[in-house]
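Q: this one's sequence-less:
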């Protein structure tokens, strides 16, 4: 895949710490923020549309099914597009497509048509898929290979800034207008039905019109700026050297295929948990929170991913120093502010902060080694999911909300380890990994089916994420090791 800078410039960057690429990374960070914001709004729309259309859990999860199925269908075509036209043009096309998807929410809300909503989700996600295929490997390539994981963790941290803000804004703009179920709406007087439908449509239409405008604006920015052009075949692996000569196709790399399974399961677990949070926290035996209040607490789940990604970027990024410890302290302060803003309660903020400190301890034990850190965090996440199934009340609430801290670096770490050493096959490998994001379509529907079963219910349907995290722990311990190391 070719996009940019000449090979000599790439080698120069490796020698001076990727300072030549700071502007490009800054611009790319806006993409990570935007698709994080948009993706997390799904968690707010799910309970809203579930109530509005009288859906069961499995039917409501069709939102995530359509959204993440787009990754499966569009990832490989997106890889071909990026191969042919380059990263920058691919990003511009992806932004425009995502903007069109946002515009489709206007007629979907106006007609109160669930199929039109699902179509809008698919178009929106198709654009984001192209952005992911272009941006993730580009960030990994922009600089020294030994800091690729740290770099991708930093940009993913800003993705999590978007996922943290989205539930707060979405809860205020969408969930604050409490939705009637289809049955409740039918018995209202006609004038009240009409007034409610107009208000409900506007609560969805205006946020997505604003998102469409922002996406088109950013597309114009990317069309105007110049980004570095890099030959991916010249990029060395984290282990040192290029191994792409061993295989004629990215599918032949065992660590890539196992990484794709890891991405499938990670995204599936993360999306499943986030998708159920509003309804889960609404249960009397958990927290009994109204939908709008529960939506704000979702920000702690996604905010945890932001905090953890900042931890990951700092601890996986180089040697220990006084500045490094200062940055870690600032992240803890950020976590404390996030907790107090959402809970307005000193005790609850302290509970959340305690989990933050434990999470940092996992990173320190990982000692800057991506595989080890990934395995530790996966075991931690699995333990928390088991906790939320075992406990009721506040313990169940806090164990599920703090899983986000441990999800944090899973995607960027699996991604960078899976594309390690692919060389000229990096574009194809990126497409395969982004295709695996379809886990976000399948696992939530499976968990929704379990939640609809009286014998299991929403409380114990979380068994699926436990299994997902156990596999991710295996990938961090053994699965990421490239087969070509034994062939050299």
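A: Arrived safely. Computed from a prediction, not measured in an experiment: that's the story for all the values here.
Q: alpha carbons only for contacts and neighbour counts from here, please
A: Will do.
Q: What is the neighbour count of residue 383?
A: Residues lying near residue 383 (other Cα atoms under 10 Å) number 16.
Q: Residue 389 now?
A: Using other Cα under 10 Å as the criterion, residue 389 is surrounded by 17 other residues.
Q: for the helix or strand hosting it, what is the average pLDDT?
A: Element membership of residue 389, judged by DSSP states H and E, is helix 370-390. What helix 370-390 shows for mean pLDDT is 96.
Q: Tell me the buried residues in stretch 366-382?
A: Within stretch 366-382, the residues that qualify as buried are 366, 368, 370-382, counting by 16 or more other Cα atoms under 10 Å.
Q: Need the nearest residue in space to residue 469, chain neighbours excluded.
A: Residue nearest to residue 469 in three dimensions, not counting chain neighbours: residue 378, with 5.1 Å by Cα to Cα, 6 or more residues apart in numbering.
Q: isn't that neighbour right next to residue 405, touching?
A: No: assessed by Cα atoms under 8 Å, residue 378 is found out of contact with residue 405, at 10.6 Å.
Q: for residue 42, what are its contacts?
A: By Cα atoms under 8 Å, 6 or more residues apart in numbering, residue 42 lies in contact with 63-64, 275.
Q: 7 Å - rerun?
A: Residues near residue 42 by Cα atoms under 7 Å, 6 or more residues apart in numbering: none.
Q: Over to residue 311?
A: Neighbour list for residue 311: 328, 360 [criterion: Cα under 7 Å, 6+ apart].
Q: Helix 370-390 and the host helix or strand of it, what's the angle between them?
A: Counting by DSSP H and E, the secondary-structure element that holds residue 311 is helix 291-315. What separates the directions of helix 291-315 and helix 370-390 is an angle of 160 degrees, with axes from the mean of the first three to the mean of the last three Cα atoms, to 10 degrees.
Q: starting at the chain centroid, how far to whichever helix or strand comes after helix 291-315?
A: Toward the C-terminus, helix 291-315 is succeeded by helix 322-343 as the next helix or strand (DSSP H and E). Taking Cα atoms, centre = their mean, to the nearest Å, one finds the center of helix 322-343 at 21 Å from the center of the full chain.
Q: ok, now stretch 350-363?
A: Mean C-alpha position of stretch 350-363 versus that of the full chain (Cα atoms, centre = their mean) differs by 21 Å.
Q: Just the buried positions in it, please.
A: For stretch 350-363, the buried set under the neighbour-count rule, 16+ other Cα under 10 Å, comprises 352-353, 355-356, 359-360, 362-363.
Q: Adding secondary structure as columns, could you present those residues in a markdown table?
A: As requested, the buried residues of stretch 350-363 are exported to a markdown table (DSSP: H, G, I helix; E, B strand; the rest coil):
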| residue | secondary structure |
| --- | --- |
| 352 | helix |
| 353 | helix |
| 355 | helix |
| 356 | helix |
| 359 | helix |
| 360 | helix |
| 362 | helix |
| 363 | helix |
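Q: List just the nearest of these to residue 84.
A: residue 363 (39.1 Å; Cα to Cα).
Q: With adjacent residues omitted, what lies nearest to the closest one?
A: Of all residues not flanking residue 363 in the chain, residue 373 sits nearest, at 6.1 Å (Cα to Cα, 6+ apart).
Q: For that neighbour, give its distance to residue 413.
A: Distance, residue 373 to residue 413, using Cα to Cα, to the nearest Å: 9 Å.
Q: how about the strands of the chain, start to end?
A: With DSSP state E, the ranges of strands along the chain come out as 2-3, 230-231.
Q: Considering these, which stretch scores lowest in mean pLDDT?
A: Comparing mean pLDDT over the strands of the chain, the weakest stretch is strand 2-3, at a mean of 28.
Q: where does the stretch 101-250 of the chain dip in pLDDT?
A: Where the stretch 101-250 of the chain drops to pLDDT under 70, the residues are 140, 145-150, 153, 176-186, 188, 193, 195-201, 229-248.
Q: before we move on, the earlier item: most widely separated two among the buried residues of stretch 366-382?
A: 368 and 382 (21.4 Å).
Q: so residue 396 makes contact with residue 284?
A: No: counting by Cα atoms under 7 Å, residue 396 stays clear of residue 284, with 11.8 Å between them.
Q: more neighbours, those two?
A: When residue 396 and residue 284 are compared for neighbours, residue 396 comes out ahead with 23 against 11, by other Cα under 10 Å.
Q: and the gap between that one and residue 436?
A: Taking Cα to Cα as the measure, residue 396 and residue 436 are separated by 30 Å.
Q: what does residue 169 give?
A: Distance from residue 169 to residue 436, by Cα to Cα: 29 Å.
Q: Could you tell me how many residues sit around residue 190?
A: If we define neighbours as other Cα under 10 Å, then residue 190 has 11 of them.
Q: ok, back up a step: contact partners for the residue nearest to residue 469?
A: When contacts are counted by Cα under 7 Å, 6+ apart, residue 378 touches 406, 469-470, 472-473.
Q: Quick check: it vs residue 270, distance?
A: In terms of Cα to Cα, residue 378 sits 12 Å off from residue 270.
Q: State the number of residues packed around residue 211.
A: Other residues lying near residue 211 total 19 when counted by other Cα under 10 Å.
Q: Contact partners for it?
A: By Cα under 7 Å, 6+ apart, the contact set of residue 211 is residue 102.
Q: Return the distance of it relative to residue 33.
A: Using Cα to Cα, we find residue 211 at a distance of 12 Å from residue 33.
Q: try residue 267
A: 17 Å.
Q: next one: residue 329
A: From residue 329 over to residue 33 (counting by Cα to Cα), the distance is 23 Å.
Q: Repeat that for residue 64.
A: Summarising the geometry, the distance separating residue 64 from residue 33, computed by Cα to Cα, is 19 Å.
Q: what about the two, which has more around it?
A: Taking neighbours as other Cα under 10 Å, residue 64 and residue 33 compare with residue 64 leading, 30 against 21.
Q: can I assume that one is in contact with residue 441?
A: Yes: contact criterion Cα under 7 Å: residue 64 and residue 441 qualify, at 5.1 Å.
Q: check contacts around residue 173.
A: The neighbourhood of residue 173, defined by Cα under 7 Å, 6+ apart, consists of residue 203.
Q: how near is it to residue 274?
A: In this structure, residue 173 and residue 274 are separated by 19 Å, where distance is defined by Cα to Cα.
Q: same thing with residue 470?
A: Here residue 470 is placed at a distance of 19 Å from residue 274 (Cα to Cα).
Q: neighbour-wise, which of the two wins?
A: Just comparing residue 470 and residue 274: by other Cα under 10 Å the higher neighbour count belongs to residue 274, 23 against 18.
Q: Same drill for residue 169 and residue 436, tell me which one is more crowded.
A: Neighbour tally, residue 169 and residue 436, criterion other Cα under 10 Å: the higher count belongs to residue 436, 27 against 18.
Q: For the more buried one, which non-adjacent residue is closest in space?
A: Nearest to residue 436 is residue 264, by Cα to Cα, 6+ apart, at 4.7 Å.
Q: can you count the residues close to residue 455?
A: Burial of residue 455, expressed as a neighbour count using other Cα under 10 Å, amounts to 9.
Q: Now it. Its backbone dihedrals?
A: When quoted as degrees, to the nearest 10, the phi and psi of residue 455 stand at phi -70, psi -20.
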